[in-house]
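**Q** fold the following and give me the result.
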Amino acid sequence: MIFFDQFNTQIVVNLTYILASMLFILGLKMLGSPETARKGNLVSSSGMLLAVLVTLLDQSIIDFTWIIVGVCIGSLIGFIAATKVKMTGVPEMVALFNGFGGIASLLVGSAEYLSGFDQNAALLIAIYLTVLIGGVTFSGSLIAWGKLSETISGKPYLYNGQQIVNSLLLGVLLLAGLEMIFFQGMFTENQFQILFIICLLAFTLGALLVIPIGGADMPVVIALLNSFSGLAACAAGFVILNNVLIVAGALVGASGLILTNIMCKAMNRSLANVLFSGFGAVTTIGSEAKVSQGEVRPINTADAYLILEAAASVLIVPGYGMAVAQAQHSVRELGELLEANGAEVKYAIHPVAGRMPGHMNVLLAEANVSYDVLVVPEDVNPIMETVDVCMVIGANDVVNPDAKENESSPIYGMPIIETDRAKIVFVLKRSMASGFAGIQNPLFFKSNTRMLFGDAKESVSSLVAEFKS
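**A** Okay, the predicted model is just below:
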């Protein structure tokens with residue numbers, strides 16, 4: 001009778017895991033469309049809640065005290081993060097969440113290894129991968145958080161012999177893995193010692209892999225670290241023989257790799273180039289070079305209003321500067337006023353605009369901008385000459401003409417939004433400072449470009465006031 005009860009319980013648990021996995025897949029599918037993204041997030045979250053509850057009940061835990069404490073603390077942190085963190089802080093928050101996922105997997109693998117219960121080679125391989133990937137994800141995500149939050153400089157840190165050092169680290173990690181899996185004590189005194197060595201090396205490797213990457217490549221790094229956190233969770237699922245963790249980790253790992261590939265294509269660069277080229281380690285164009293490109297042409301809001309009021313088509317290109325200024329609501333209001341005035345208004349979104357994948361989409365969705373007016377560069381570039389006014393709000397590198405005109409530029413070949421071909425271009429910036437990639441933008445000196453200096457929110461609000469008056 002006990003056997004049948006256990007058998008039936010296992011069937012219920014596995015069926016629940018299958019249902020949770022289906023909810024993960026359905027939610028992930030819904031996240032692919034802006035119209036269903038919020039519902040998809042809810043569906044996936046419901047699947048995870050179901051999986052967690054069934055797992056807790058299935059393990060016959062006698063004392064739930066620490067679990068309840070953990071749930072309360074985690075819920076409080078999540079609530080604060082969701083309600084208090086500004087939209088400009090979302091990229092670094094995502095980086096931290098990736099890191100937390102990695103360290104959680106590392107702790108699971110470490111606890112299983114130190115328990116020493118019935119460990120065969122297959123299990124030890126899974127433990128090794130969990131600790132390795134989790135450690136790399138954790139330290140790499142902390143460095144990414146530091147670059148995104150500007151706690152440390154976003155510029156690449158390069159040094160002589162960088163690839164040699166990384167290769168040596170990988171070699172030592174491989175030897176440490178062989179010691180953990182096959183030799184088990186031949187070179188170290190106990191389990192804790194080899195585990196400590198692997199953790200330390202994994203943390204070091206994660207930091208050294210992300211430090212040389214420039215701030216302009218952070219969207220790719222965020223996507224890649226997200227994939228790593230999923231792969232670490234998948235390996236942890238094999239360690240503790242939990243099917244739903246394997247499925248969820250595999251989904252996150254695969255989707256993260258796909259997104260990483262999309263980001264690389266959007267910059268016309270390979271993943272190896274992103275990871276090892278030190279993009280952004282270039283000398284910023286000096287003042288003499290700026291003068292040689294021509295003079296900038298400032299414009300005030302009153303004159304900008306007169307041009308916008310007569311425009312039949314307006315293309316708005318948002319960038320990280322819009323996020324910093326929290327101008328998305330004012331931009332949406334301006335767009336509605338332009339439409340009411342008879343203009344066709346579109347928002348051009350570059351895949352790597354902002355500091356994480358989909359950053360601009362999230363900002364505009366928060367401001368209730370209709371998904372129907374969002375376009376990608378491939379849609380708008382062929383008709384750019386017909387656009388009366390192109391408003392670049394806080395974007396820089398994704399509209400830099402050097403990507404198609406200057407073969408010596410580090411971003412040459414990167415697909416951009418070709419705003420320089422519009423009839424008139426308004427660039428809303430605080431100053432002439434270069435973008436996150438650290439290179440100058442010739443767009444600012446084009447004959448059809450007008451610079452509207454100042455805080456983006458204040459500038460757009462002034463334009464809104466002009467239309468209302």
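**Q** C-alpha only now, for contacts and for neighbours.
**A** Fine.
**Q** pLDDT weak spots in the stretch 1-150 of the chain?
**A** 1-7, 60-62, 87 (pLDDT under 70).
**Q** okay, helices next: where are they in the stretch 201-350 of the chain?
**A** Assigned by DSSP state H, counting those that start in this stretch, the helices in the stretch 201-350 of the chain fall at 218-240, 243-266, 271-276, 287-292, 301-309, 320-325, 328-340.
**Q** got a markdown table for those helices, with distance to residue 403 and mean pLDDT too?
**A** Listed next are those as a markdown table, based on distance: least, CA to CA, whole Å; pLDDT from 0 to 100:
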| stretch | distance to residue 403 | mean pLDDT |
| --- | --- | --- |
| helix 218-240 | 18 | 90 |
| helix 243-266 | 12 | 87 |
| helix 271-276 | 16 | 71 |
| helix 287-292 | 17 | 41 |
| helix 301-309 | 27 | 92 |
| helix 320-325 | 19 | 84 |
| helix 328-340 | 27 | 93 |
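**Q** okay, these, which one's buried deepest?
**A** helix 218-240 (a mean of 27; mean count of other CA atoms under 10 Å).
**Q** just how off-centre is that one within its chain?
**A** On the basis of CA atoms, centre = their mean, to the nearest Å, helix 218-240 is displaced by 13 Å from the centre of the chain it belongs to.
**Q** so residue 414, which of the three states?
**A** coil (DSSP: H, G, I helix; E, B strand; the rest coil).
**Q** repeat that for residue 461.
**A** Here residue 461 is recorded as helix under three-state DSSP.
**Q** hmm, it is touching residue 330, no?
**A** Yes: Residue 461 lies in contact with residue 330 (CA atoms under 8 Å); the separation is 5.9 Å.
**Q** quick one: neighbours of residue 270, just the number.
**A** For residue 270, the neighbour count with other CA atoms under 10 Å is 12.
**Q** tell me how far it lies from residue 260.
**A** Separation of residue 270 from residue 260 (CA to CA, to the nearest Å) stands at 10 Å.
**Q** can you check residue 150 too?
**A** Distance from residue 150 to residue 260, counting by CA to CA: 23 Å.
**Q** what of residue 443?
**A** Taking CA to CA, one finds residue 443 at 28 Å from residue 260.
**Q** about what we covered before: relative to residue 402, which of the helices of the stretch 201-350 of the chain is closest?
**A** helix 287-292 (13.8 Å; CA to CA).
**Q** report the buried residues of whichever strand or helix holds residue 39.
**A** Per DSSP states H and E, residue 39 falls inside helix 37-58. By 16 or more other CA atoms under 10 Å, the buried positions in helix 37-58 come out as 37, 40-41, 43-48, 50-52, 54-55.
**Q** tell me the helix or strand right after it.
**A** According to DSSP H and E, the helix or strand after helix 37-58 is helix 65-84.
**Q** nearest spatial neighbour of residue 307, skipping sequence neighbours?
**A** Once flanking residues are discounted, residue 307 sits nearest to residue 389: 8.0 Å by CA to CA, 6 or more residues apart in numbering.
**Q** the one you found against residue 424, yeah?
**A** Yes: in terms of CA under 8 Å, residue 389 counts as a neighbour of residue 424; the distance is 4.9 Å.
**Q** of the two, which one has the most company?
**A** Set residue 389 next to residue 424 and count neighbours by other CA under 10 Å: residue 389 wins out with 27 against 23.
**Q** got the domain boundaries for the protein?
**A** Domain assignment for the chain, taken from automatic domain parsing, gives 2-276, 287-468.
**Q** I'd like the distance between the nearest residue to residue 333 once chain neighbours are set aside and residue 427.
**A** Leaving aside its sequence neighbours, residue 333 sits nearest to residue 464 (CA to CA, 6+ apart; 7.2 Å). According to CA to CA, residue 464 stands 17 Å off from residue 427.
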